[in-house]
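Participant: When you get a sec, could you give me coordinates for this:
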Amino acid sequence: MTLEEIQAKLEAGVEDSTVTMDGDGCNCSTLVVSPIFEGMSLLARQRMVLAAVRENIDSGELHALSIKARTPEENT
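Facilitator: Residues are numbered from 1 along each chain as shown. You can find the predicted model right below:
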C-alpha cells in the first residue's frame, strides 16, 4: 500500500481533513488536521482515523500507523 493510497483513504474517512504522511507504506506515520476533532478526546480522534484504514490493517496491508490528530488551532 502506498503512502498516497493511505492518504486518500484518510482524507475520505475524516471530514474536512488535511493529511500529511511519512514512512514506507506498511509502517508509516500521519498527521491528520481537521476541525471535526474539536471537543474530541485523543482516543476518539485516533479511533476515527483508524476506522478509515481498519480494513487495510486487518488484512495486513498496513502494519503500523502512528497517528497525530489535531484541530487546525492545535496545529499552528
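Participant: going forward, measure contacts between C-alpha atoms and count neighbours the same way
Facilitator: Will do.
Participant: Helix, strand or coil: sort out residue 29 for me.
Facilitator: State at residue 29, reduced to three classes by DSSP: H, G, I helix; E, B strand; the rest coil: strand.
Participant: what residues are up against it?
Facilitator: Contacts for residue 29 (CA atoms under 8 Å, 6 or more residues apart in numbering) come out as 21, 22, 23, 65, 66, 67.
Participant: Could you give the number of residues near the closest residue to it other than its chain neighbours?
Facilitator: What sits nearest to residue 29 in space, not counting adjacent residues and going by CA to CA, 6 or more residues apart in numbering, is residue 66, at 4.3 Å. Neighbourhood size, residue 66 [other CA atoms under 10 Å]: 15.
Participant: residues in contact with residue 66?
Facilitator: 28, 29, 30.
Participant: Surely the first one and residue 57 touch.
Facilitator: No: counting by CA atoms under 8 Å, residue 28 stays clear of residue 57, with 11.9 Å between them.
Participant: Return every residue with contacts to both of those two.
Facilitator: With CA under 8 Å, 6+ apart, residue 28 and residue 57 have common neighbours residue 64.
Participant: pLDDT weak spots in the chain?
Facilitator: 25-26 (pLDDT under 70).
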